[in-house]
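1. sequence and predicted structure below; questions after.
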Amino acid sequence: MAAEGEDGADRTEDPTAHRLEEALRRGDVAKSQEVSLFLSLGALTLALMLIPTFGAAKTLALDLRAFLMNAHLVPDSGSAMLGAGQRGLVAGLKMLAIPIGLVMVAALAGGLVQHRPVWSFEPLTPKFERLSPLSGLKRIFGQQAIVQFVKGLAKIGIVGVLAAVLLWRERDRFEGLVGQGPADLLGFTLTLALKLLGGVLALHAVVTIGDVVYSRLSWMKRQRMTREEVKRESKEQDGNPEIKAKLRQMRMARVRKRMMAAVPQATVVVMNPTHFAVALKYEPGMAAPLCVAKGVDAMALRIRAVAEEHRVPVIENPPLARALHATVEIDGEIPVEHYRAVAEVIGFVLRLKRRAS
């Protein structure tokens, strides 16, 4: 993790998958508040459209109508007024339960659609560097703060212009509302609010898309790494290259030692005179000959020397030696396509042994 004071200009490397995963674990995610706001406005618009169909809204309207029509019958005692107020409050809460629930679900969905759920207490952990006046000034006058300020002014301007245009178009209807009843006034107000919210949603969709892209790019830029961080993380993830090279050398040494110990038990060594050597072992009952050792250049010459020292036949067959070296692994059976050529070599060796004995 980069130090807080590192210059962003030094962070020239794209973040690794491990770096991004660590950021998510810390609760540092690419998140746009505009998504939650857009979905909340959409849920509010939907709730306003559905309010006339809610049973609770119809019940509240009937209760209010009955209360207003019979207001002169309600006792003027404090307990009676308190009871009427409580009944009205309960009825209002019932009507608002579904709209409020829709808005809350939309606000939560705004985070879930941008990233998977993250459980981290690190953002709540006090950090003393945040108390620094210099850090505070950077947050207030930094690029992020300026962008948020400009975005807020733009949204206020957009809503103001939309409201002005909408009210101007409806100016002729305002004079006729003076003599209309409460139901007509409520319907007109609801229609006007839905038009305003529809226009705000349409323009806010553009703002939301732009803010999502900006938030993602800013987050990726914030996660960029220096070359030293990439190297350090590579060492931590994959191990020290020097240690890995040393272990690889040790494994190769063990393999070479085991190969040279197996050469004396080989049946034949097939060679390209100085470049390739493959030691094969075959005994009755085997499905196919096995490769017990192979090598190139200096290793090939060592295999040949050990074979000659232990009287293992060495057959020079350059094409077969190259093909076997490329296709067969140590302790592996030879491929089917080389059965015939290897069988001829081993047959020749066995005939020589019988003739010699």
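-> Received it, and whenever you're ready, just let me know what you need.
2. those strands in the chain, which residues are they?
-> 268-272, 276-281, 290-296, 314-316 (DSSP state E).
3. tell me which of those strands lies nearest to Gln114.
-> strand 290-296 (55.7 Å; C-beta to C-beta). Every C-beta, even on glycine, is put in place using the N, C-alpha and C of the backbone.
4. what's the closest one packed up against?
-> Judged by 3 or more C-beta pairs under 8 Å, 6 or more residues apart in numbering; DSSP states H and E, strand 290-296 is in contact with helix 241-262, strand 276-281, helix 298-309, helix 318-327.
5. give me the number of neighbouring residues for Thr208.
-> 21 (other C-beta atoms under 10 Å).
6. just Tyr282 next, same as before
-> 19.
7. pop out the phi and psi values for it.
-> phi -140, psi 130 (degrees, to the nearest 10).
8. now do the contacts for it.
-> Thr267, Pro289, Leu290, Ile346 (C-beta atoms under 8 Å, 6 or more residues apart in numbering).
9. do you know the pLDDT at it?
-> Note for Tyr282: predicted pLDDT of 87.
10. which residue is the nearest non-sequential neighbour of it?
-> Distance criterion C-beta to C-beta, 6 or more residues apart in numbering; nearest residue to Tyr282, sequence neighbours excluded, is Pro289 at 4.1 Å.
11. for that neighbour, give me its contacts.
-> Neighbouring residues of Pro289 by C-beta under 8 Å, 6+ apart: Thr267, Leu280, Lys281, Tyr282, Glu333, Ile334, Val342, Ile346.
12. picking up where we left off before, kindly reformat the strands of the chain as JSON lines containing distance to Glu170 and mean neighbour count.
-> JSON lines is the format used below for the strands of the chain (distance: least, C-beta to C-beta, whole Å; neighbours: other C-beta atoms under 10 Å):
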{"stretch": "strand 268-272", "distance to Glu170": "95", "mean neighbour count": "24"}
{"stretch": "strand 276-281", "distance to Glu170": "92", "mean neighbour count": "26"}
{"stretch": "strand 290-296", "distance to Glu170": "90", "mean neighbour count": "22"}
{"stretch": "strand 314-316", "distance to Glu170": "102", "mean neighbour count": "16"}
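13. any chance of CSV for the ones you listed, columns distance to His204?
-> Listed next are those as CSV, based on distance: least, C-beta to C-beta, whole Å:
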stretch, distance to His204
strand 268-272, 75
strand 276-281, 72
strand 290-296, 69
strand 314-316, 82
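14. mind checking which of the ones you listed is nearest Ala23?
-> Of those, nearest to Ala23 by C-beta to C-beta is strand 290-296, at 47.5 Å.
15. surely Tyr334 meets Ala288?
-> If you look again at residue 334, you'll see it is Ile, not Tyr. Yes. With contact defined as C-beta atoms under 8 Å, Ile334 reaches Ala288; the gap is 5.7 Å.
16. out of those two, which sits in the more crowded spot?
-> Ranked by neighbour count (other C-beta under 10 Å), Ile334 and Ala288 place Ile334 first, with 22 against 16.
17. list the buried ones in stretch 336-356?
-> Neighbour counts over stretch 336-356 (16 or more other C-beta atoms under 10 Å) mark His338, Ala341, Val342, Val345, Ile346, Val349 as buried.
18. could I get the full set of helices for the stretch 101-250 of the chain?
-> 133-141, 143-169, 171-174, 182-222, 227-238, 241-262 (DSSP state H, counting those that start in this stretch).
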